[in-house]
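Student: Please find the sequence and the predicted model below.
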Amino acid sequence: MTKTLRCETVEELEAAIAEAGPDAMYRGQNEHFTHQDGSTSLVSSFSRSTCVPDLMIKWTHYAKRMLRRHVQGWEDRKDLATDQAILQHYGWRSFFLDATGDARVAAWFASHKFVPGRHGEMVEDCHEDPVVLISDLAEFIPAEGDGHLYLISKKACRSAGIGYVHLSEIATKEGSPRYVCQDAYMVGHLEPSGLPEAALLAHLVVPVAVLMSCADGLSTEDLFPEPDVDPVFSDLLAMPWVRVGPEDDSIPFFRRSLPLPEYKSHVRKHMPSTSAMYRSFWLGDLRDPADPERLTHILCGAGVYHGTSPKRTSLPLLTQILESCDGVVVEVDGLVYYGNRGKYVKGVIAKKVDRDVVAVCEIGVDHPGLQIQDIGVFQGWHFRFRSDGVWLREAHEDDCDCGSDEHDEKLKLLGRVEECLADGSIEHHSSGFYVERGVRRDSDRSLMREVQGARAGGQS
(Lines give C-alpha, C1' and ligand atoms only; values in the text may rest on other atoms or scores of the structure.)
Protein backbone atom coordinates (compact mmCIF):
# COMPACT_ATOMS: atom_id res chain seq x y z
CA MET A 1 0.00 0.00 0.00
CA THR A 2 1.07 3.59 -0.62
CA LYS A 3 2.66 5.45 2.29
CA THR A 4 0.06 8.00 3.41
CA LEU A 5 1.18 11.01 5.46
CA ARG A 6 -0.93 13.74 6.99
CA CYS A 7 0.71 17.18 6.90
CA GLU A 8 -0.99 19.72 9.17
CA THR A 9 1.41 22.62 8.60
CA VAL A 10 3.36 24.18 5.75
CA GLU A 11 6.57 23.05 7.45
CA GLU A 12 5.42 19.42 7.56
CA LEU A 13 4.35 19.57 3.92
CA GLU A 14 7.64 21.11 2.79
CA ALA A 15 9.58 18.47 4.74
CA ALA A 16 7.65 15.61 3.09
CA ILE A 17 8.26 17.11 -0.34
CA ALA A 18 11.96 17.67 0.37
CA GLU A 19 12.36 14.06 1.53
CA ALA A 20 11.23 12.81 -1.90
CA GLY A 21 14.01 14.78 -3.58
CA PRO A 22 14.52 15.20 -7.34
CA ASP A 23 13.03 11.75 -8.08
CA ALA A 24 9.53 13.13 -7.52
CA MET A 25 6.87 14.39 -9.88
CA TYR A 26 3.75 15.82 -8.27
CA ARG A 27 0.03 15.51 -8.83
CA GLY A 28 -2.65 17.41 -6.91
CA GLN A 29 -6.32 16.44 -6.53
CA ASN A 30 -9.03 17.70 -4.22
CA GLU A 31 -10.52 14.18 -4.00
CA HIS A 32 -8.91 10.80 -3.37
CA PHE A 33 -10.07 7.76 -5.34
CA THR A 34 -9.45 4.07 -4.71
CA HIS A 35 -9.84 0.78 -6.54
CA GLN A 36 -12.15 -1.90 -5.15
CA ASP A 37 -9.24 -3.36 -3.18
CA GLY A 38 -8.62 -0.01 -1.47
CA SER A 39 -5.45 0.84 -3.41
CA THR A 40 -4.93 4.34 -4.80
CA SER A 41 -6.59 4.94 -8.17
CA LEU A 42 -4.79 7.36 -10.50
CA VAL A 43 -6.13 6.76 -14.00
CA SER A 44 -6.03 8.59 -17.33
CA SER A 45 -8.87 10.81 -18.48
CA PHE A 46 -9.72 8.22 -21.16
CA SER A 47 -10.30 5.63 -18.45
CA ARG A 48 -12.76 7.99 -16.77
CA SER A 49 -14.67 9.00 -19.92
CA THR A 50 -16.07 7.33 -23.00
CA CYS A 51 -14.30 7.59 -26.34
CA VAL A 52 -15.78 9.66 -29.18
CA PRO A 53 -13.65 8.49 -32.15
CA ASP A 54 -14.38 11.28 -34.65
CA LEU A 55 -13.81 14.00 -32.05
CA MET A 56 -10.63 12.29 -30.82
CA ILE A 57 -9.27 12.14 -34.39
CA LYS A 58 -10.20 15.78 -34.97
CA TRP A 59 -8.49 16.90 -31.74
CA THR A 60 -5.38 14.89 -32.64
CA HIS A 61 -5.26 16.43 -36.12
CA TYR A 62 -5.41 19.97 -34.77
CA ALA A 63 -2.97 19.24 -31.93
CA LYS A 64 -0.33 18.18 -34.45
CA ARG A 65 -1.07 21.22 -36.60
CA MET A 66 -0.54 23.54 -33.67
CA LEU A 67 2.67 21.83 -32.62
CA ARG A 68 3.98 22.17 -36.16
CA ARG A 69 2.96 25.82 -36.30
CA HIS A 70 4.24 26.96 -32.91
CA VAL A 71 7.09 24.66 -31.81
CA GLN A 72 10.50 25.35 -33.34
CA GLY A 73 11.81 22.30 -35.20
CA TRP A 74 8.85 20.08 -34.28
CA GLU A 75 8.51 16.95 -36.39
CA ASP A 76 5.76 14.37 -36.37
CA ARG A 77 7.65 11.45 -34.84
CA LYS A 78 4.49 9.65 -33.69
CA ASP A 79 5.34 10.46 -30.05
CA LEU A 80 2.05 9.79 -28.29
CA ALA A 81 2.89 11.86 -25.19
CA THR A 82 3.57 15.11 -27.04
CA ASP A 83 0.83 14.39 -29.59
CA GLN A 84 -1.72 14.14 -26.79
CA ALA A 85 -0.36 16.96 -24.61
CA ILE A 86 -2.65 19.54 -26.21
CA LEU A 87 -5.66 17.21 -25.96
CA GLN A 88 -5.00 16.67 -22.26
CA HIS A 89 -4.33 20.28 -21.30
CA TYR A 90 -6.95 22.14 -23.33
CA GLY A 91 -10.11 20.18 -22.79
CA TRP A 92 -10.14 16.71 -24.32
CA ARG A 93 -8.72 13.39 -23.09
CA SER A 94 -5.58 11.31 -23.31
CA PHE A 95 -4.07 7.99 -22.26
CA PHE A 96 -1.73 9.83 -19.88
CA LEU A 97 -1.76 11.17 -16.35
CA ASP A 98 -1.04 14.84 -15.68
CA ALA A 99 1.79 15.63 -13.30
CA THR A 100 4.07 18.59 -12.65
CA GLY A 101 7.65 19.24 -11.66
CA ASP A 102 6.57 22.12 -9.40
CA ALA A 103 5.05 21.21 -6.03
CA ARG A 104 3.39 24.64 -5.85
CA VAL A 105 1.36 23.85 -8.97
CA ALA A 106 0.25 20.50 -7.55
CA ALA A 107 -0.70 22.23 -4.28
CA TRP A 108 -2.85 24.71 -6.22
CA PHE A 109 -4.74 21.93 -8.02
CA ALA A 110 -5.15 20.02 -4.75
CA SER A 111 -6.73 23.07 -3.12
CA HIS A 112 -9.09 24.06 -5.94
CA LYS A 113 -12.18 22.43 -7.40
CA PHE A 114 -13.05 22.55 -11.10
CA VAL A 115 -16.64 23.71 -11.68
CA PRO A 116 -17.94 23.38 -15.26
CA GLY A 117 -20.48 25.85 -16.59
CA ARG A 118 -22.29 26.96 -19.70
CA HIS A 119 -22.55 30.55 -20.91
CA GLY A 120 -24.68 31.83 -23.77
CA GLU A 121 -24.58 35.36 -25.11
CA MET A 122 -26.38 37.09 -27.97
CA VAL A 123 -23.92 39.04 -30.11
CA GLU A 124 -23.54 40.23 -33.69
CA ASP A 125 -21.36 38.69 -36.35
CA CYS A 126 -19.18 40.96 -38.50
CA HIS A 127 -22.19 41.72 -40.73
CA GLU A 128 -24.29 42.77 -37.69
CA ASP A 129 -26.48 39.68 -37.91
CA PRO A 130 -27.55 38.37 -34.48
CA VAL A 131 -26.23 35.03 -33.22
CA VAL A 132 -26.08 33.30 -29.85
CA LEU A 133 -22.65 31.92 -28.94
CA ILE A 134 -22.46 29.22 -26.27
CA SER A 135 -19.19 28.73 -24.39
CA ASP A 136 -18.07 26.25 -21.74
CA LEU A 137 -17.30 28.88 -19.13
CA ALA A 138 -15.72 27.07 -16.17
CA GLU A 139 -13.97 28.15 -12.98
CA PHE A 140 -11.72 26.85 -10.24
CA ILE A 141 -13.02 27.61 -6.76
CA PRO A 142 -11.32 26.98 -3.39
CA ALA A 143 -11.98 23.44 -2.20
CA GLU A 144 -13.00 22.52 1.33
CA GLY A 145 -11.50 20.14 3.85
CA ASP A 146 -8.41 18.25 2.75
CA GLY A 147 -6.58 18.06 -0.56
CA HIS A 148 -4.28 15.32 -1.82
CA LEU A 149 -0.73 15.46 -3.16
CA TYR A 150 0.73 12.40 -4.87
CA LEU A 151 4.51 12.08 -5.16
CA ILE A 152 5.30 9.96 -8.22
CA SER A 153 8.72 8.32 -8.57
CA LYS A 154 10.50 8.72 -11.90
CA LYS A 155 12.75 5.74 -11.12
CA ALA A 156 9.79 3.52 -10.27
CA CYS A 157 8.02 4.56 -13.47
CA ARG A 158 11.08 3.60 -15.50
CA SER A 159 11.32 0.25 -13.71
CA ALA A 160 7.67 -0.44 -14.52
CA GLY A 161 8.15 0.51 -18.17
CA ILE A 162 6.03 3.65 -17.79
CA GLY A 163 7.27 6.69 -19.65
CA TYR A 164 7.11 10.33 -18.64
CA VAL A 165 7.75 13.41 -20.75
CA HIS A 166 8.52 16.91 -19.54
CA LEU A 167 6.47 19.17 -21.80
CA SER A 168 9.17 21.82 -21.95
CA GLU A 169 10.12 19.71 -25.00
CA ILE A 170 7.26 21.38 -26.86
CA ALA A 171 7.67 24.93 -25.57
CA THR A 172 6.46 27.34 -28.24
CA LYS A 173 8.64 29.77 -30.20
CA GLU A 174 6.66 32.66 -28.73
CA GLY A 175 4.49 33.04 -25.66
CA SER A 176 3.85 30.50 -22.91
CA PRO A 177 1.30 27.71 -23.35
CA ARG A 178 -0.41 26.46 -20.23
CA TYR A 179 1.53 23.19 -20.09
CA VAL A 180 4.75 25.22 -19.79
CA CYS A 181 3.24 27.50 -17.13
CA GLN A 182 2.24 24.37 -15.21
CA ASP A 183 5.71 22.77 -15.58
CA ALA A 184 3.77 19.77 -16.83
CA TYR A 185 4.72 16.14 -17.27
CA MET A 186 2.75 13.50 -19.15
CA VAL A 187 3.03 10.14 -17.38
CA GLY A 188 2.21 7.02 -19.37
CA HIS A 189 0.65 5.94 -21.45
CA LEU A 190 -1.31 4.02 -18.86
CA GLU A 191 -3.35 0.85 -18.87
CA PRO A 192 -7.02 1.26 -17.86
CA SER A 193 -6.08 0.26 -14.29
CA GLY A 194 -3.96 3.40 -14.06
CA LEU A 195 -0.66 4.15 -12.37
CA PRO A 196 0.55 1.21 -10.25
CA GLU A 197 0.92 1.97 -6.56
CA ALA A 198 4.57 0.93 -6.74
CA ALA A 199 5.22 4.14 -8.69
CA LEU A 200 4.06 6.32 -5.77
CA LEU A 201 6.52 7.60 -3.20
CA ALA A 202 3.79 8.97 -0.97
CA HIS A 203 0.23 10.23 -0.72
CA LEU A 204 0.06 13.45 1.30
CA VAL A 205 -3.23 14.48 2.89
CA VAL A 206 -3.16 18.21 3.59
CA PRO A 207 -5.68 20.83 4.76
CA VAL A 208 -6.71 23.15 1.93
CA ALA A 209 -5.48 26.22 3.82
CA VAL A 210 -1.98 24.71 4.06
CA LEU A 211 -2.01 23.80 0.36
CA MET A 212 -2.99 27.35 -0.56
CA SER A 213 -0.05 28.68 1.42
CA CYS A 214 2.24 26.23 -0.36
CA ALA A 215 0.83 27.34 -3.74
CA ASP A 216 2.44 30.72 -3.06
CA GLY A 217 -0.22 32.96 -4.59
CA LEU A 218 -0.67 31.13 -7.91
CA SER A 219 -3.91 31.95 -9.71
CA THR A 220 -6.04 30.53 -12.52
CA GLU A 221 -4.56 33.08 -14.91
CA ASP A 222 -1.02 32.06 -13.95
CA LEU A 223 -1.68 28.42 -14.83
CA PHE A 224 -4.19 28.97 -17.65
CA PRO A 225 -2.88 32.10 -19.39
CA GLU A 226 -5.05 34.11 -21.74
CA PRO A 227 -4.73 33.89 -25.55
CA ASP A 228 -2.47 36.94 -25.76
CA VAL A 229 0.11 34.87 -23.83
CA ASP A 230 -0.75 31.31 -24.90
CA PRO A 231 -0.52 30.82 -28.70
CA VAL A 232 -2.09 27.35 -28.59
CA PHE A 233 -5.14 28.63 -26.71
CA SER A 234 -5.33 31.55 -29.14
CA ASP A 235 -5.47 29.14 -32.09
CA LEU A 236 -8.15 27.01 -30.45
CA LEU A 237 -10.32 30.08 -29.83
CA ALA A 238 -9.89 31.11 -33.49
CA MET A 239 -11.47 27.92 -34.81
CA PRO A 240 -14.96 28.10 -36.35
CA TRP A 241 -18.18 28.02 -34.37
CA VAL A 242 -20.71 25.35 -35.44
CA ARG A 243 -24.47 25.60 -35.36
CA VAL A 244 -26.50 23.70 -32.76
CA GLY A 245 -30.25 23.50 -32.32
CA PRO A 246 -33.06 23.95 -34.85
CA GLU A 247 -32.22 25.00 -38.40
CA ASP A 248 -35.14 27.39 -38.81
CA ASP A 249 -35.07 31.12 -39.49
CA SER A 250 -34.81 32.08 -35.82
CA ILE A 251 -31.60 33.51 -34.36
CA PRO A 252 -29.02 30.71 -34.74
CA PHE A 253 -27.08 29.20 -31.82
CA PHE A 254 -23.43 28.13 -32.11
CA ARG A 255 -20.80 26.27 -30.08
CA ARG A 256 -17.07 25.98 -30.60
CA SER A 257 -16.09 23.26 -33.08
CA LEU A 258 -13.63 21.85 -30.53
CA PRO A 259 -15.22 22.04 -27.07
CA LEU A 260 -12.88 23.46 -24.45
CA PRO A 261 -13.32 25.07 -21.03
CA GLU A 262 -12.68 28.81 -20.80
CA TYR A 263 -12.02 30.63 -17.55
CA LYS A 264 -13.01 34.04 -18.91
CA SER A 265 -15.44 34.92 -21.69
CA HIS A 266 -13.78 35.54 -25.05
CA VAL A 267 -16.97 36.54 -26.84
CA ARG A 268 -17.38 40.13 -28.02
CA LYS A 269 -20.59 42.05 -28.67
CA HIS A 270 -19.39 42.60 -32.23
CA MET A 271 -17.49 39.54 -33.40
CA PRO A 272 -14.64 40.06 -35.89
CA SER A 273 -14.64 38.85 -39.49
CA THR A 274 -12.14 36.15 -38.48
CA SER A 275 -14.88 34.40 -36.46
CA ALA A 276 -16.72 31.96 -38.72
CA MET A 277 -20.20 30.77 -37.70
CA TYR A 278 -20.54 27.55 -39.68
CA ARG A 279 -23.90 26.20 -40.73
CA SER A 280 -23.64 22.76 -42.34
CA PHE A 281 -23.29 22.97 -46.10
CA TRP A 282 -22.04 20.84 -48.95
CA LEU A 283 -20.39 22.43 -51.94
CA GLY A 284 -22.53 20.34 -54.28
CA ASP A 285 -25.67 22.00 -52.88
CA LEU A 286 -24.25 25.49 -53.47
CA ARG A 287 -23.42 24.97 -57.13
CA ASP A 288 -25.42 26.78 -59.78
CA PRO A 289 -27.64 24.20 -61.52
CA ALA A 290 -26.59 25.75 -64.84
CA ASP A 291 -22.90 24.94 -64.19
CA PRO A 292 -21.92 22.42 -66.89
CA GLU A 293 -19.01 20.91 -64.94
CA ARG A 294 -19.76 17.33 -63.89
CA LEU A 295 -18.47 16.77 -60.37
CA THR A 296 -19.05 13.85 -58.03
CA HIS A 297 -19.17 14.81 -54.35
CA ILE A 298 -18.06 12.42 -51.60
CA LEU A 299 -19.27 13.55 -48.17
CA CYS A 300 -17.40 12.27 -45.12
CA GLY A 301 -17.01 12.83 -41.41
CA ALA A 302 -14.06 14.09 -39.40
CA GLY A 303 -12.73 10.59 -38.74
CA VAL A 304 -12.10 9.88 -42.42
CA TYR A 305 -11.07 13.42 -43.33
CA HIS A 306 -8.63 14.01 -40.45
CA GLY A 307 -7.52 10.42 -39.96
CA THR A 308 -4.07 8.95 -40.46
CA SER A 309 -3.08 6.27 -42.95
CA PRO A 310 -0.19 5.30 -45.21
CA LYS A 311 -0.01 6.82 -48.66
CA ARG A 312 -1.49 4.55 -51.28
CA THR A 313 -1.35 4.90 -55.05
CA SER A 314 -3.85 2.19 -56.03
CA LEU A 315 -7.24 3.92 -56.24
CA PRO A 316 -9.32 1.80 -58.65
CA LEU A 317 -12.75 2.75 -57.29
CA LEU A 318 -12.03 6.49 -57.40
CA THR A 319 -10.58 6.02 -60.89
CA GLN A 320 -13.80 4.31 -61.94
CA ILE A 321 -15.87 7.23 -60.62
CA LEU A 322 -13.62 9.67 -62.49
CA GLU A 323 -14.32 7.90 -65.77
CA SER A 324 -17.86 9.29 -65.77
CA CYS A 325 -17.25 12.83 -64.49
CA ASP A 326 -14.88 15.79 -64.61
CA GLY A 327 -13.68 15.53 -61.04
CA VAL A 328 -14.24 14.14 -57.55
CA VAL A 329 -14.72 16.41 -54.53
CA VAL A 330 -14.09 14.95 -51.07
CA GLU A 331 -15.47 17.25 -48.40
CA VAL A 332 -16.00 17.22 -44.67
CA ASP A 333 -18.98 18.59 -42.76
CA GLY A 334 -17.04 21.49 -41.29
CA LEU A 335 -14.38 24.08 -41.99
CA VAL A 336 -10.75 22.97 -41.73
CA TYR A 337 -8.63 25.60 -39.97
CA TYR A 338 -4.94 26.01 -40.79
CA GLY A 339 -4.12 29.11 -38.75
CA ASN A 340 -4.98 31.60 -41.50
CA ARG A 341 -7.78 33.35 -39.68
CA GLY A 342 -10.97 33.86 -41.65
CA LYS A 343 -9.83 31.44 -44.38
CA TYR A 344 -10.57 27.74 -44.28
CA VAL A 345 -10.50 24.53 -46.31
CA LYS A 346 -13.72 22.66 -47.10
CA GLY A 347 -12.33 19.67 -48.96
CA VAL A 348 -10.09 18.26 -51.66
CA ILE A 349 -10.80 18.04 -55.39
CA ALA A 350 -9.25 15.61 -57.86
CA LYS A 351 -10.04 17.39 -61.13
CA LYS A 352 -9.26 16.13 -64.60
CA VAL A 353 -6.95 18.38 -66.58
CA ASP A 354 -6.43 15.78 -69.30
CA ARG A 355 -7.97 12.43 -70.17
CA ASP A 356 -5.88 10.56 -67.60
CA VAL A 357 -4.32 13.38 -65.54
CA VAL A 358 -5.82 14.95 -62.43
CA ALA A 359 -4.87 17.92 -60.29
CA VAL A 360 -5.34 17.15 -56.58
CA CYS A 361 -5.96 20.44 -54.76
CA GLU A 362 -7.60 21.80 -51.63
CA ILE A 363 -10.78 23.86 -51.87
CA GLY A 364 -10.57 27.07 -49.87
CA VAL A 365 -13.43 29.09 -48.42
CA ASP A 366 -13.56 32.60 -46.98
CA HIS A 367 -16.20 32.51 -44.25
CA PRO A 368 -16.53 35.81 -42.34
CA GLY A 369 -19.28 35.49 -39.74
CA LEU A 370 -22.36 33.74 -41.14
CA GLN A 371 -21.51 34.29 -44.78
CA ILE A 372 -19.79 32.01 -47.29
CA GLN A 373 -17.56 33.96 -49.65
CA ASP A 374 -14.90 33.35 -52.30
CA ILE A 375 -14.80 29.59 -52.76
CA GLY A 376 -11.68 28.72 -54.74
CA VAL A 377 -9.02 26.09 -55.41
CA PHE A 378 -5.43 26.20 -54.16
CA GLN A 379 -2.53 24.94 -56.24
CA GLY A 380 -1.86 21.26 -55.80
CA TRP A 381 -0.02 18.36 -57.38
CA HIS A 382 -0.76 16.42 -60.55
CA PHE A 383 -1.11 12.67 -60.99
CA ARG A 384 -1.49 10.42 -64.01
CA PHE A 385 -3.82 7.49 -63.43
CA ARG A 386 -3.50 4.20 -65.26
CA SER A 387 -6.29 1.90 -66.38
CA ASP A 388 -5.58 -0.39 -63.40
CA GLY A 389 -6.28 2.48 -60.99
CA VAL A 390 -2.69 3.26 -60.00
CA TRP A 391 -1.95 6.99 -59.60
CA LEU A 392 1.58 8.20 -60.32
CA ARG A 393 2.96 11.63 -59.47
CA GLU A 394 3.59 13.71 -62.58
CA ALA A 395 5.44 17.03 -62.69
CA HIS A 396 3.33 19.82 -64.15
CA GLU A 397 3.88 23.52 -64.78
CA ASP A 398 0.90 24.35 -62.55
CA ASP A 399 2.18 22.34 -59.55
CA CYS A 400 2.50 24.06 -56.20
CA ASP A 401 6.20 24.62 -55.53
CA CYS A 402 5.98 25.00 -51.73
CA GLY A 403 8.01 21.83 -51.18
CA SER A 404 5.78 20.77 -48.27
CA ASP A 405 4.83 17.17 -47.59
CA GLU A 406 1.30 18.46 -46.95
CA HIS A 407 0.44 17.44 -50.52
CA ASP A 408 1.04 13.81 -49.59
CA GLU A 409 -1.76 14.17 -47.04
CA LYS A 410 -4.26 14.75 -49.85
CA LEU A 411 -3.31 11.45 -51.47
CA LYS A 412 -3.58 9.74 -48.07
CA LEU A 413 -7.11 11.16 -47.73
CA LEU A 414 -8.04 9.77 -51.14
CA GLY A 415 -6.64 6.43 -49.98
CA ARG A 416 -8.92 6.44 -46.91
CA VAL A 417 -11.89 7.28 -49.14
CA GLU A 418 -10.93 4.38 -51.44
CA GLU A 419 -10.95 2.03 -48.45
CA CYS A 420 -14.38 3.29 -47.37
CA LEU A 421 -15.76 2.81 -50.87
CA ALA A 422 -14.37 -0.73 -50.83
CA ASP A 423 -15.84 -1.68 -47.44
CA GLY A 424 -19.18 0.03 -48.11
CA SER A 425 -18.96 2.62 -45.33
CA ILE A 426 -19.17 5.27 -48.07
CA GLU A 427 -22.13 4.50 -50.32
CA HIS A 428 -23.66 5.92 -53.47
CA HIS A 429 -26.54 8.15 -52.35
CA SER A 430 -27.93 9.92 -55.39
CA SER A 431 -26.80 11.36 -58.69
CA GLY A 432 -23.42 13.02 -58.10
CA PHE A 433 -23.24 12.15 -54.39
CA TYR A 434 -21.62 9.48 -52.23
CA VAL A 435 -22.11 9.73 -48.46
CA GLU A 436 -20.35 8.10 -45.51
CA ARG A 437 -22.72 6.22 -43.23
CA GLY A 438 -23.73 8.38 -40.27
CA VAL A 439 -22.94 11.66 -42.06
CA ARG A 440 -25.82 14.02 -42.84
CA ARG A 441 -26.59 14.49 -46.51
CA ASP A 442 -28.57 17.72 -46.35
CA SER A 443 -27.22 21.24 -45.94
CA ASP A 444 -28.57 23.64 -43.31
CA ARG A 445 -32.11 24.49 -44.38
CA SER A 446 -32.07 28.15 -43.41
CA LEU A 447 -28.71 28.62 -45.16
CA MET A 448 -30.04 27.02 -48.34
CA ARG A 449 -33.08 29.32 -48.29
CA GLU A 450 -30.69 32.27 -48.11
CA VAL A 451 -28.61 30.90 -51.00
CA GLN A 452 -31.66 30.26 -53.16
CA GLY A 453 -33.08 33.70 -52.34
CA ALA A 454 -29.81 35.39 -53.29
CA ARG A 455 -29.64 33.37 -56.51
CA ALA A 456 -33.22 34.31 -57.42
CA GLY A 457 -32.52 37.97 -56.62
CA GLY A 458 -29.48 37.93 -58.86
CA GLN A 459 -31.49 36.55 -61.77
CA SER A 460 -34.33 39.08 -61.52
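Tutor: Looks like it came in fine.
Student: Could you break this protein into its assigned domains?
Tutor: Following automatic domain parsing, one gets these domains for the chain: 4-116+142-223, 282-459.
Student: Which one of the ones you listed lies nearest to Pro231?
Tutor: Between Pro231 and these, the tightest spacing by CB to CB is seen for domain 4-116+142-223, at 4.5 Å. Every residue, glycine included, has its C-beta placed from N, CA and C.
Student: Give me the contacts around the helix or strand where Arg449 lies.
Tutor: Secondary structure from DSSP states H and E places Arg449 in helix 445-459. With contact meaning CB atoms under 8 Å, 6 or more residues apart in numbering, helix 445-459 is reached by 247-249, 252, 279-281, 285-286, 288.
Student: Closest one of those residues to Thr50?
Tutor: Nearest to Thr50 out of the contacts of helix 445-459 is Ser280 (CB to CB; 24.4 Å).
Student: what about the closest one, how many residues close to it?
Tutor: Taking other CB atoms under 10 Å as the criterion, the count of residues near Ser280 is 17.
Student: where's the residue nearest the centre of the chain relative to Gly301, distance?
Tutor: Nearest to the geometric centre of the chain sits Trp59, at 2.3 Å (CA atoms, centre = their mean). Taking CB to CB, to the nearest Å as the criterion, Trp59 is separated from Gly301 by 14 Å.
Student: which residues sit in contact with the residue nearest to the centre of the chain?
Tutor: By CB under 8 Å, 6+ apart, the residues touching Trp59 are 86-87, 92, 258.
Student: how about a cut-off of 10 Å?
Tutor: Trp59 is in contact with 52, 84, 86-88, 90-94, 236, 258-260, 302, 306, counting by CB atoms under 10 Å, 6 or more residues apart in numbering.
Student: likewise Arg243?
Tutor: 131, 252-255, 277-280, 370, 444, 446-447.
Student: before we move on, back to that, going by distance to Gly339, which of the contacts of Trp59 wins?
Tutor: Closest approach to Gly339 among those (CB to CB): Leu236, at 11.1 Å.
Student: Now Tyr90. Nearest residue, chain neighbours left out?
Tutor: Leu260 (5.3 Å; CB to CB, 6 or more residues apart in numbering).
Student: Confirm that Gly147 sits in a strand.
Tutor: Yes: with the criterion set as DSSP: H, G, I helix; E, B strand; the rest coil, the secondary structure at Gly147 is a strand.
Student: any idea how far Pro259 lies from Ser47?
Tutor: Pro259 sits 20 Å away from Ser47, going by CB to CB.
Student: These two: who's more crowded?
Tutor: Ser47 (16 against 13).
Student: returning to what we had before: can you tell me which of the contacts of Arg243 are in strands?
Tutor: Within the contacts of Arg243, residues falling in strands by DSSP state E are 131, 253-255, 277-278.
Student: Out of the residues you listed, name the two that are farthest from one another.
Tutor: Phe253 and Tyr278 (12.4 Å).
Student: so where do the strands sit in the stretch 151-300 of the chain?
Tutor: According to DSSP state E, counting those that start in this stretch, the stretch 151-300 of the chain carries its strands in the segments 164-166, 184-187, 200-207, 241-244, 253-256, 261-262, 277-278, 295-300.
Student: Tell me which other helices or strands the longest one touches.
Tutor: Contact here means 3 or more CB pairs under 10 Å, 6 or more residues apart in numbering; DSSP states H and E; on that basis strand 200-207 packs against strand 4-6, helix 10-20, strand 24-29, helix 103-110, strand 146-153, helix 154-159, helix 208-214.
Student: By neighbour count, which of the contacts of Trp59 wins?
Tutor: Within those, Ile86 tops the neighbour count with 29 neighbours, counted by other CB under 10 Å.
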